[in-house]
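Peer 1: Quick one, structure for this:
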Amino acid sequence: MTCNQLIENKEEIVYRGEKGKTIRRGEKWNRLTVIGYSHRNKNPFVKCICECGNKTTVDYYKLTSGHTMSCGCLQREKERDNGILANKASSASRWVRAKDVIGKPIGWWTIIGLLSVNKQIWYTVKCKCGTISSLSPAQVSNKSSKSCGCYLKTEEWKIIRKYLASKPIT
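Peer 2: Numbering: from 1, shown residues only. Modelled structure (predicted):
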C-alpha cells in the first residue's frame, strides 16, 4: 500500500487521497458520517452512516466532491416534497409529477390521486357517476378503460348498440 492508501493510526485517518484530502473517522460530509474504509476494484470507498440510520459505502471521490450527500434519503425527500413519484412500469423510468396529472380526464374517469404499489404508480380515479376506482399505468396510457361501466347504460350507448346490431356483419 502506498502512502495515499489506507492509513489508520492515532489520528484516526481513514483515507488520504492523491490530492492530499484526508478523511477522518467521525468526520461529517453532508448527511454522511465516516465510519471506515473499503475498496472495490482498486477504487477507494468510504463506509458511512447516514443521519437516517442507514449504513452505506460510497466512492471516495464522489463523497469529497459533494456529489454523494446521503444514502439516497435526501433524493427521496426531495421527490416527495415536489410531488414526484417514480413509475417503473415500463423499461424506461418515467417520472410523474402529481400536480400535472391530478384532475386530468381519461374517458369518463378523472384522476384524483396517485397510489404507489410495488414501485408502480396506480391512478386513483373517479367516474362521472361518482364511482371511485384504481387504474394501472397501462390502462391510463392506452386508454383501455373509459368508465366504470356506467357508460354502457347511457341512452347514447343504447342507440349506438341498436345501430350496430342493425348492420350486417361483412
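
Peer 1: For the nearest residue to Glu51 once chain neighbours are set aside, give me phi and psi.
Peer 2: Nearest residue to Glu51 in three dimensions, chain neighbours excluded: Arg31, at 4.5 Å (CB to CB, 6 or more residues apart in numbering). For glycine as for every other residue, the C-beta is placed from the backbone atoms N, C-alpha and C. Dihedral pair for Arg31: phi -90, psi 0, per degrees, to the nearest 10.

Peer 1: how deep is Arg31 tucked in, by neighbour count?
Peer 2: Using other CB atoms under 10 Å, Arg31 is surrounded by 17 other residues.

Peer 1: looking at it, it is touching Ile49, isn't it?
Peer 2: No: counting by CB atoms under 8 Å, Arg31 does not reach Ile49; the two are 9.6 Å apart.

Peer 1: so which strand or helix has Lys62?
Peer 2: helix 60-65 (DSSP states H and E).

Peer 1: for this structure, what's the longest helix?
Peer 2: helix 155-166 (DSSP state H).

Peer 1: can you give me the offset of it from its chain's centre?
Peer 2: Its chain's C-alpha centre and that of helix 155-166 lie 45 Å apart, by CA atoms, centre = their mean, to the nearest Å.

Peer 1: Using CSV, list the CA coordinates for that helix.
Peer 2: The C-alpha trace of helix 155-166 is given here as CSV (Å, rounded to 0.1, in the frame of the first residue of the first chain):
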residue,chain,number,x,y,z
GLU,A,155,-79.1,6.3,-23.8
GLU,A,156,-76.3,7.3,-26.2
TRP,A,157,-74.7,3.9,-26.0
LYS,A,158,-78.1,2.1,-26.3
ILE,A,159,-78.6,4.0,-29.6
ILE,A,160,-75.1,3.0,-30.8
ARG,A,161,-75.7,-0.6,-30.0
LYS,A,162,-79.1,-0.7,-31.7
TYR,A,163,-77.5,0.9,-34.8
LEU,A,164,-74.6,-1.6,-34.8
ALA,A,165,-77.0,-4.6,-34.3
SER,A,166,-79.0,-3.5,-37.4
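
Peer 1: mind listing what's buried in that helix?
Peer 2: For helix 155-166, a neighbour-count test (16 or more other CB atoms under 10 Å) marks nothing as buried.

Peer 1: where exactly do the strands run in the chain?
Peer 2: Here the chain has its strands, by DSSP state E, at 13-16, 22-24, 28-29, 32-40, 43-50, 55-59, 84-87, 94-97, 105-106, 109-117, 120-127, 132-135.
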